[in-house]
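>>> Take this sequence and fold it.
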Amino acid sequence: MLRLHALNTHYGPSHILQGVDLHVPAGRICALLGRNGVGKTTTVRTIMGLTPPTSGQILLDGQDIAGWAPHKVARAGVAYVPEGRLIFPDLSVLENIRVGERKPAKIWTLDRLLTLFPSLRERSGNRGWQLSGGEQQMLAIARALVSDPRVLLLDEPSQGLAPMVVRELGSVIQRLCLEGVTILLIEQNMKLAEAVADELHVMVKGRVVYGASPDIFRTEADAVRARYLAI
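Alright, predicted model coming up:
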């Protein structure tokens, strides 16, 4: 479904992504872990076309979309939930969702989204700033889903959320995968990533240096944490 091959991205003279290779199979959840500043967010921004790559390929169902404008990437079936949610604080819940609706949704209709996120239905008339952190995160996901994406890029969705809300978020991510959405999850929360992902990868200094299934990851978690993730 989504494959990155020898992907390089620079910010000015800084070489951020250094030959990234990553495969996200269709219908799977792939988690990318790593410390702050290693290039995880740059990875999804590059996929989405918000930061142009210097070289390499971004293959979506075999088609190279590297360097495409963000609106073309979105039309190809990729949606992005950015770190920090970035919802519109002065718009209502329904208005926030409709911002992402390029055309009437066929799969993730408004009614289906409000069924998936019942708290948003209850607060549909509230402004974005009136929602809790967890509700804002669900709203950001709903805004992305209304475009009927095939691939969903989630950047640090658990950031700042209480453990109970993180568990609810994990259930939503797994349900989306069961509904046919392929997911690339950027996370620092190892527990969430291990609970939901079909594959776990670790990035260090702009390179993917480790990959394993959840079963193998659990047996190696302490070593992986000490080698790649400890501060």
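>>> Secondary structure element holding L200?
strand 199-204 (DSSP states H and E).
>>> Low-confidence ranges, the chain, go.
Low-confidence segments of the chain (pLDDT under 70): 231.
>>> Nearest residue to the middle of it?
Centrality entry for the chain: nearest residue to the mean C-alpha point is L154, 1.4 Å, by CA atoms, centre = their mean.
>>> that older thread, now do the helix or strand following the strand holding L200: which elements does it pack against?
Proceeding N to C from strand 199-204, the next assigned helix or strand is strand 207-212, under DSSP H and E. Where contact means 3 or more CB pairs under 8 Å, 6 or more residues apart in numbering; DSSP states H and E, strand 207-212 is packed against strand 14-24, strand 199-204. Any C-beta I mention is one placed from the backbone N, CA and C, and that applies to glycine too.
>>> hmm, try it at 10 Å
If you count contacts as 3 or more CB pairs under 10 Å, 6 or more residues apart in numbering; DSSP states H and E, strand 207-212 packs onto strand 14-24, strand 29-33, strand 199-204, helix 214-224.
>>> To S124, which of those lies closest?
strand 29-33 (28.3 Å; CB to CB).
>>> quick one: the closest one to chain centroid distance?
9 Å (CA atoms, centre = their mean, to the nearest Å).
>>> Let me know the angle separating it from helix 214-224.
0 degrees (axes from the mean of the first three to the mean of the last three CA atoms, to 10 degrees).
>>> hey, C-alpha coordinates of strand 29-33 in PDB?
Extracted in PDB, the C-alpha atoms of strand 29-33 (Å, rounded to 0.1, in the frame of the first residue of the first chain):
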ATOM      1  CA  ILE A  29      -1.100  -0.600  11.400                       C
ATOM      2  CA  CYS A  30       2.600   0.300  11.300                       C
ATOM      3  CA  ALA A  31       4.000   2.200  14.200                       C
ATOM      4  CA  LEU A  32       7.100   4.300  14.000                       C
ATOM      5  CA  LEU A  33       8.800   5.000  17.300                       C
END
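>>> Next, the buried residues of that strand.
Judged by neighbour count using 16 or more other CB atoms under 10 Å, the buried positions of strand 29-33 are I29, C30, A31, L32, L33.
>>> got it, and stretch 60-71?
L60, I65, A66, W68.
>>> tell me what the biggest helix by length in the chain is packed against?
Scanning the chain for the helix with the most residues, using DSSP state H, yields helix 163-178. Applying 3+ CB pairs under 10 Å, 6+ apart, one finds that helix 163-178 makes contact with strand 29-33, helix 110-116, helix 133-145, strand 151-155, strand 182-187, helix 190-196.
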